[in-house]
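Asker: whatever this is, show me its structure:
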Amino acid sequence: MSLIVQKFGGSSVRDRERLLRAMTIVKRAWEQGDEVVVVLSAQGDTTDALLSRACELSDAPPPRELDALLATGETASVALGAIALHALGVPAVSLSGWQVPLRTNGAHGGANVRGADTARIRRELAAGRVVLVAGFQGMDAAGDVTTLGRGGSDTSAVALAAFLNAARCIIYTDVDGVYTTDPRVCPTARRLAAISCDQMLRLAANGAQVLHDRSVALAMRHGVTVEVRACGEKSVGTLVVPTAESEEITGVTRSRDGDLTRVTVIGRALPSHAAESAAREALETAGIAVLGVETGEQRLSLRVDSTAADAALRAVHDALLPAMEK
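Answerer: Got it, this is the predicted structure:
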């Protein structure tokens with residue numbers, strides 16, 4: 001029997017069908033004898049809807065009250081998840097961040113995790129229950145609710161895995177692991193079996209949306225191995241580990257840069273004049289103008305017009321990762 005942490009994002013629990021599918025995955029782990037802690041995000045676009053309601057009342061909502069409001073999305077998710085598990089015959093209990101408590105500093109809207117009191121979670125696990133913890137939220141020294149910023153549920157999951165010494169931390173996403181680029185845009189993207197926290201952090205910091213960069217930094221600091229996978233039964237996933245052998249070129253990302261889009265290549269072979277020349281030539285062949293170039297440690301970034309972002313991503317990826325098989 002192992003203690004595992006499972007995290008499901010908002011799109012994975014956005015409606016009744018998807019929530020039940022996610023809780024069926026939880027049930028399967030519980031039936032195998034694992035102690036299971038589940039971290040959930042708010043359903044679908046709940047956070048954006050709550051933010052819009054606040055902004056209808058004020059152009060500058062007080063940060064403390066905004067955190068109190070936004071945290072209700074995740075609190076609702078875990079309560080619904082616990083209800084679903086009970087309906088599936090699994091004993092479960094939902095906990096808000098302050099009930100754990102997950103301790104943070106007082107930076108409302110972007111708090112950092114400082115620690116956790118895991119006694120309540122361990123008592124519930126010992127009683128045979130699945131514990132569902134609201135992601136994205138914690139409690140500061142004053143006892144106020146704080147939120148961890150966008151992608152904060154990833155951070156919650158990694159933090160709990162670290163403080164509970166969990167055997168596994170599994171983060172379920174819309175794609176089956178970490179790819180060399182966005183597989184929804186580039187058909188030649190290849191899933192990576194494993195990637196180091198360092199390389200994952202570089203990808204996340206430059207636009208890859210598989211994992212939030214703060215969660216990866218936390219995993220690196222605490223030595224947590226994170227498994228990224230999809231909800232499907234045939235999902236293989238990717239291991240994000242403290243250290244791993246990396247490719248010369250790990251992957252290609254994109255992110256908005258003002259009115260332009262930055263296409264960024266990450267890998268230990270960079271910076272490289274050969275790589276830059278190959279990327280430029282590929283973009284030129286595709287009829288895409290390079291509007292700026294920037295290099296740094298293990299990084300090459302090329303700015304292009306945002307209307308050509310998808311085509312640029314494919315062109316640069318295929319020019320620099322031609323030997324990789326899907």
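Asker: quick one, strands of the stretch 151-300 of the chain?
Answerer: Using DSSP state E, counting those that start in this stretch, the strands found in the stretch 151-300 of the chain span residues 168-173, 194-196, 226-230, 238-241, 251-257, 260-266, 292-296, 299-305.
Asker: strands of the stretch 1-150 of the chain, start to end?
Answerer: 3-8, 35-40, 92-95, 102-104, 113-116, 130-134, 137-139, 145-147.
Asker: just to revisit the earlier point, residue 78: which of the strands of the stretch 151-300 of the chain is closest?
Answerer: strand 168-173 (15.1 Å; C-beta to C-beta). Quick note: C-beta positions are derived from backbone N, CA and C, even for glycine.
Asker: next one: the closest one to chain centre, how far?
Answerer: 9 Å (C-alpha atoms, centre = their mean, to the nearest Å).
Asker: got the CA positions of that strand in PDB?
Answerer: Taking Å, rounded to 0.1, in the frame of the first residue of the first chain, the C-alpha atoms of strand 168-173 are listed here in PDB:
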ATOM      1  CA  ARG A 168       3.700   9.200  -6.300                       C
ATOM      2  CA  CYS A 169       2.300  12.500  -7.400                       C
ATOM      3  CA  ILE A 170       0.100  12.100 -10.500                       C
ATOM      4  CA  ILE A 171      -1.100  15.200 -12.400                       C
ATOM      5  CA  TYR A 172      -3.800  14.500 -14.900                       C
ATOM      6  CA  THR A 173      -3.900  16.900 -17.900                       C
END
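Asker: partner strands of that strand, with direction?
Answerer: strand 3-8 (parallel), strand 226-230 (parallel) (DSSP bridges).
Asker: got the angle between that strand and strand 35-40?
Answerer: Counting by axes from the mean of the first three to the mean of the last three C-alpha atoms, to 10 degrees, strand 168-173 lies at 30 degrees to strand 35-40.
Asker: which residues touch strand 168-173?
Answerer: Contacts to strand 168-173, defined as C-beta atoms under 8 Å, 6 or more residues apart in numbering, come from residues 2, 4-9, 12, 22, 25, 154, 157-158, 161, 210-211, 219, 224-231, 237.
Asker: can you report how many residues lie near residue 233?
Answerer: 7 (other C-beta atoms under 10 Å).
Asker: list the contacts of it.
Answerer: Listed by C-beta under 8 Å, 6+ apart, residue 233 has no contact partners.
Asker: from residue 132, how far off is it?
Answerer: In this view, residue 233 and residue 132 are 22 Å apart by C-beta to C-beta, to the nearest Å.
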